[in-house]
Every structure is written in C-alpha cells, then in structure tokens.
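> Here's a sequence, model it:
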Amino acid sequence: MTVAEYIVNFLRERGVKDMYGVPGGVILDFLYAAHYIDGIEPHLCNHEQIAGFAAAGYAQVHHQLGVAYATRGPGITNMVTPLADAFFDSLPVLFFTAHGGNLPEKGMRCLCDQEFDIVALVRKITKFSARVDNINDVEKNIERAYAAALSGRKGPVLLDIAASLWKKDMPIIQPVSFVPKKADNYKKTLLQIREWLQQAQRPVLLIGDGINQSHTQKYVEQFISRNNMPVVSSRCSQDILSGHPSYFGYIGSHGIREANLILSKADLILSIGNRMAFPVNSTSYTKINAPVIRLDIDENEFNRSIPDSMPCKVDLENFMPFLGQIRISRSYEDWISICNKIRKVFINSDFNVIVKRIRKIIESADSTTCFIGDVGNNEFWLSKAYYMAGMKNRLLFSHSFGSLGAALPKAMGSCHSRCSKSFCFIGDQGLQFSLGALETIAHEHLPILIVVLNNHASGMILDRELRAGYQSSLHSTCSDGYSAPNYKALAKGFGMHYYVRAHKLYQLPAILEVKIPSIPLVPTLEKGKECGDMFPYIERKLYNELIKL
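Residues are numbered from 1 along each chain as shown. Below is the predicted model:
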C-alpha cells in the first residue's frame, strides 16, 4: 500500500465519503488514489476557497470530519480564509497540501517557485499543523491531525506532505493512537449548579453552538422538560430548540426583542456551550446584573473576563447526560408566565415584508432540508423568518469569521453530508464571491435552491454608510460603483432552473431571485441602551410596564 492509498483508506475508514479541492501537480498521486478507491469521492470545486468552504459545510452539518485539498503555493493560500472560518467556528476540517522542494534558507525570499512554509502561516489558526518529509512520520501525523480535529473543542488541522512520498510503500509501524483524556468527575460542578438554580427565582438558560457540536440537544430538552425554565440562544444556534414552547429566541444587537428583554430580567444565567462573545465593556450588556455559570470545553474562553461568573470547564458530550437528569424542587411557573407575556407583546414586531417572504420560502421545504445563510443583512432576515416560523431544520452560517460568499459552497458540503436538499440564502453581492461553485452544483446536479435576495446593493455596508453620515457620497454600495448580473441569464448559462416566486415544486438545482427593497436592518440595539430597549422603540408606557414585570 502506498502512502497516498494509506491516507485515503484512513479517511474512508473514519467515515469520510467526500473531499473537495482543485488538482495540482504535487497532489495528483493523492487524487488518483482517491479516484481508484471505492467509497470516497473527490469533488472539483474550480477554486480552492470554494473547496475549503464546501469541506467546512460538510463538517458543520454533523461535525464529522471534512477534507479539503489544494496544491502548493497559491493553491493552499486560497484556502486560508475557509481555514480561518473553520477555526473561528470550531469545525473539524483536514486541509491537505503537498510540497515538491525545500524551504528557503533563513533570510531568503524563496528557493523554489511556489514553495513556502504554509505551516508557519497557519499555525495560529489550526489545532495541529505539520510538514511531513519523512515516510516514518506519515502515520503519526495523520493520527495526530485526526485526533486534534475531532477531540475537545473541534477545529481545523493541516498537513503539508512531501510529494515524493505519495507513491512510496507505506512501512508497517506499530499503530499510535491519540486518544482524548477521560472525562472528569463532574459531581462538584453539578452540585453547584443545582444549588445556584435552587436559589434563583428567574434563571435563564443561554445555549450556544457547543450543544450542536457535542450532539447533546436531547439532554437540553430533558433538562428543560424537568425544570420548565426559559431558554435563549445565540443567533446561530437557534436550531437547537426552535419551536419549543420554552424557547424565546436569540439575543444580540439585532436579536429578538423578547430574548434580549428576558435575559436582562434574569437573576441567574446558565450558559452552556456559548462563548458569550459580546464586548465585555458593552454598556448594554453590563447592565445585566445576573451571575453567570459558564460551561465550556475550552478554558481559554474564560480569559474573556465576565463579572460575577463561575467558569466550569466541561466536555458537554460527557457532562450533559448528567445535567439532563437534574430536577430543581422549586417552581419557575411565575417566571415562565412573565416570559410568555413579554413574548405576546413582541411576537409580531419587526417582521417586515422581506422576512415574511423568506418565511414562505422556508415553509415550502421538507424537514430534511438544510438552510444555509450567507453574510450580510440576508442572514438576519433569514434568522428572523426561521424564528417566526418555528422551523426545526438544520441552520448554518459563517458564525464568527463572517465570510462573505461562504454559504453557497457550504450548501454543497451540506448536500453531500446529509444526502438531502439545501436552501442557500445569499445576497446579490455574496453570490458574486462564489460563482465558481455554480458549475460544480450544476455538473453534479446537486439539489440546491439558491435564494438570491436582490436589493441591488451591498445592503449591510450601505446601512453603515448612512449611519455614518455619508448620504451625500455613497461609495461602492448601490448605484455608485455597484452592480449585479442578470440572474435569469446566469441560471440559463449554468443550465439551472430559474424562479421568481416561492412554491413547493422546485426543480433543482435552481436560482430563486427575490427582488427586495433596500431597507435598513431593524431592530437594533443602540449603544448604551438596555438590552430589551431596541430601535425602533416601542411605546414608552408599555415598555416600562414590561420592565416592572
């Protein structure tokens, strides 16, 4: 067995069925090995950035390993953005490249064309990265990379393998297994949580993507069913409990009003798998006086100092089955009643015509369809429509890195990972960042509905220009320097179907163009305001009554 065959078999045996990339001279032997081994398929993506995002989407749906490959030099540097996206969002993606020459001596600009130290470049945005020049190091490094990607807080890894090794026979080496440490004893943490909850009158459960990553959604539901406690989430984690009667929406500066107000009224916050990424000096969030129990697998997150908090390093996969069994003897019925009154006041606010149109589209999908939102105003409208409809479908975003154009290739990876349809919501500008993905989608007949929310503008940046006082000299955001293609012609050029109205019988792949007005993104939490007091403001008497509840 050659080195290339060994690595491909290693990935296949661990459940990897698809890989994404663009061919190049130094990785051809690796690609041919993948081509001739059944059960794993490489997909041509026309640009390495698209390939990296596709692998990230593949990993993001179920947090299984995604794989992307690229040739040396500009090939692998094109993958740095999706690699950073995977790092920020804790996605287990293995990035492969290869090299054909030596690194330059210290002080030299370059020794061989396209050769440079990619490991040094990505060291701070990977969990593990290595340059492999010795055949005896192949097995050790692929094992280490795989373990690092999927253990603890998941994340991307990178291997740069000497091209001269691909065809060499793999030596028989005693297997080295990098096994994560055993679970800690969580008895003390559980007793502390029970004690704090027992004393609280208005506790709130704040959940984040750590729940999805650890596959512990059912234990959250168990905990809520036993204790009848209100739940709020980060925006990108609302698919965990969407539609549940105890779920009151997502928090944030463009969050759901009732979620923000309920959080501000809490006397205890139990944060599970949520980074609590708001600025620690935010005058809005520092007005929340509740103590916080923070459960996170990554103790480095506790370096973000949040006042009156109890940080607890736990592996949710091991911890949540125990938390799900906790039953608090006191009742929170009065508190839940207050939360429902707040929701009744706000439930139909802030849902504009765009949100209503998106709701109609997502409600046409079956339960297995995955929704992917791009970066920009479109992701906030999709989020509100999803909450409004109480959908339970998987919902993906580029959470923390905010990579414009990532949604379309992530939809590709989602299709391969789930073997089901994907609805990709993307702005007219974001689609232009990833046009190369259209050829792969069309060539493979992937069941993707590309919903282009076309306001003929770079909407989010236009909003910021207007707020900054640049009304008289808008630049590169609407008519001045900005334009978009004819999407009907674009669909025809790629052999896709084209629609302008939502219905239930799309022939996929297809582009659905939704022409929308360019309107500001609301509601918004203005600087210094209390979390529940969002613009446009509700009538002051009513707001004061809600505050006093």
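> what stretches of this structure score poorly on pLDDT?
Confidence mapping of the chain against pLDDT under 70 gives the ranges 104-114, 173-184, 280, 458-477, 479-480.
> Any chance you could list what contacts whichever strand or helix holds A437?
Counting by DSSP states H and E, the element that carries A437 is helix 436-443. Helix 436-443 has contacts (CB atoms under 8 Å, 6 or more residues apart in numbering) with 43-47, 50, 54, 408-409, 411-412, 446, 448, 450, 490, 494-496, 509. Yep, even glycine has a C-beta here, placed from its N, CA and C like the rest.
> Quick check: next helix or strand after it?
For helix 436-443, the following helix or strand on the C-terminal side (DSSP H and E) is strand 448-454.
> mind checking how far that following strand is from the chain centre?
19 Å (CA atoms, centre = their mean, to the nearest Å).
> mind listing what that strand pairs with, with the direction of each?
Using DSSP bridges, the strands paired with strand 448-454 in its sheet are strand 422-427 (parallel), strand 510-515 (parallel).
> among those strands, which is nearest G373?
When those are compared by CB to CB, strand 422-427 sits nearest G373, at 5.0 Å.
> Kindly export the closest one (C-alpha atoms) in PDB.
Only the C-alpha atoms of strand 422-427 are listed here, as PDB (Å, rounded to 0.1, in the frame of the first residue of the first chain):
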ATOM      1  CA  SER A 422     -30.200  22.600   0.800                       C
ATOM      2  CA  PHE A 423     -31.700  26.100   0.600                       C
ATOM      3  CA  CYS A 424     -29.000  28.700   0.300                       C
ATOM      4  CA  PHE A 425     -29.900  32.300   1.200                       C
ATOM      5  CA  ILE A 426     -27.400  34.800  -0.200                       C
ATOM      6  CA  GLY A 427     -27.300  38.400  -1.200                       C
END
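> just checking, next helix/strand downstream of it?
With DSSP H and E, the next secondary element past strand 422-427 is helix 428-432.
> Could you pull out the buried residues of the helix or strand containing P321?
Here P321 sits within helix 316-323, counting by DSSP H and E. By 16 or more other CB atoms under 10 Å, the buried positions in helix 316-323 come out as 316-317, 319-320, 322-323.
> starting at the chain centroid, how far to stretch 127-137?
With CA atoms, centre = their mean as the basis, stretch 127-137 stands 28 Å off its chain's centre.
> And it, what's buried?
The neighbour-count check on stretch 127-137 (16+ other CB under 10 Å) flags 127-132, 135, 137 as buried.
> So which of those belong to strands?
Within the buried residues of stretch 127-137, residues falling in strands by DSSP state E are 128-132.
> How is the residue lying closest to N352 once chain neighbours are set aside assigned, secondary-structure-wise?
Excluding the flanking residues, the one nearest N352 by CB to CB, 6 or more residues apart in numbering is I519, at 6.8 Å. Under DSSP: H, G, I helix; E, B strand; the rest coil, I519 falls in the coil class.
> got the contact list for I519?
Per CB under 8 Å, 6+ apart, neighbours of I519: 352, 354, 455.
> Quick check: the gap between it and A457.
Counting by CB to CB, to the nearest Å, the gap from I519 to A457 is 10 Å.
> Likewise for R131?
Taking CB to CB as the measure, R131 falls 45 Å from A457.
> picking up where we left off before, any chance of the strands paired with strand 448-454 in CSV, plus mean neighbour count and distance to A259?
What follows is those, written out as CSV (neighbours: other CB atoms under 10 Å; distance: least, CB to CB, whole Å):
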stretch, mean neighbour count, distance to A259
strand 422-427, 30, 21
strand 510-515, 20, 26
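> Tell me which of those sits nearest to F248.
Closest approach to F248 among these is made by strand 422-427 (23.4 Å; CB to CB).
> Touching the closest one from outside, list them.
Applying CB under 8 Å, 6+ apart, the contact partners of strand 422-427 are 358, 361-362, 365, 369-374, 376-379, 382, 405, 407-408, 410-412, 414-415, 446-455, 458-459.
> how does it look with 7 Å?
The contact list for strand 422-427 (CB atoms under 7 Å, 6 or more residues apart in numbering) reads 358, 361-362, 365, 369-374, 376, 378, 382, 407-408, 411, 414-415, 448-453, 459.
> how about the strands in the stretch 51-200 of the chain?
Using DSSP state E, counting those that start in this stretch, the strands of the stretch 51-200 of the chain run over 66-69, 93-99, 128-132, 157-162.
> Out of these, which is closest to I547?
strand 93-99 (45.1 Å).
> ok so, going back, most neighbours per residue, which of the strands of the stretch 51-200 of the chain?
Greatest average neighbour count among those goes to strand 66-69 (a mean of 30), per mean count of other CB atoms under 10 Å.
> Direction included, what does that strand pair against?
Sheet pairing here is set by DSSP bridges, and for strand 66-69 it gives strand 18-21 (parallel), strand 93-99 (parallel).
> Show me which residues of stretch 372-392 are buried.
372-389, 391.
> mind listing the helices for the stretch 201-350 of the chain?
210-214, 217-227, 257-265, 316-323, 333-346 (DSSP state H, counting those that start in this stretch).
> Serialize these to a markdown table and add fields for distance to S420.
Converted to a markdown table, the helices of the stretch 201-350 of the chain look like this (distance: least, CB to CB, whole Å):
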| stretch | distance to S420 |
| --- | --- |
| helix 210-214 | 17 |
| helix 217-227 | 18 |
| helix 257-265 | 29 |
| helix 316-323 | 25 |
| helix 333-346 | 32 |
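> Which among those helices is found nearest to A200?
helix 333-346 (9.0 Å).
> List of residues touching the very next helix or strand once past the closest one?
Using DSSP H and E, the helix or strand that follows helix 333-346 towards the C-terminus is helix 353-362. Defining contact as CB under 7 Å, 6+ apart, one finds that helix 353-362 is touched by 371, 381-382, 384-386, 388-389, 391, 423, 425, 451, 502, 514, 516.
> which two in those are spaced the farthest apart?
So, the contacts of helix 353-362 by CB to CB: farthest apart are M391 and I516, at 20.2 Å.
> Distance check, P245 against N228.
Distance from P245 to N228, counting by CB to CB: 10 Å.
> Hmm, I typed the wrong one, I wanted I161.
From I161 to N228 the distance is 54 Å (CB to CB).
> what's the answer for E317, then?
For E317, the distance to N228 (CB to CB) stands at 25 Å.
> Relative to S309, which of the strands paired with strand 66-69 is closest?
From these, taking CB to CB, the stretch that ends up closest is strand 93-99, at 31.1 Å.
> Next, the angle from that closest one to strand 157-162.
Between the axis of strand 93-99 and that of strand 157-162 there is an angle of 20 degrees, by axes from the mean of the first three to the mean of the last three CA atoms, to 10 degrees.
> Find the nearest non-adjacent residue to L241, please.
Y247 (4.2 Å).
> Mind checking what secondary structure A457 has?
coil.
> how much space is there between it and C478?
As judged by CB to CB, A457 and C478 stand 4 Å apart.
> what's the answer for F95, then?
37 Å.
> again with R194
With CB to CB as the criterion, R194 and C478 are 55 Å apart.
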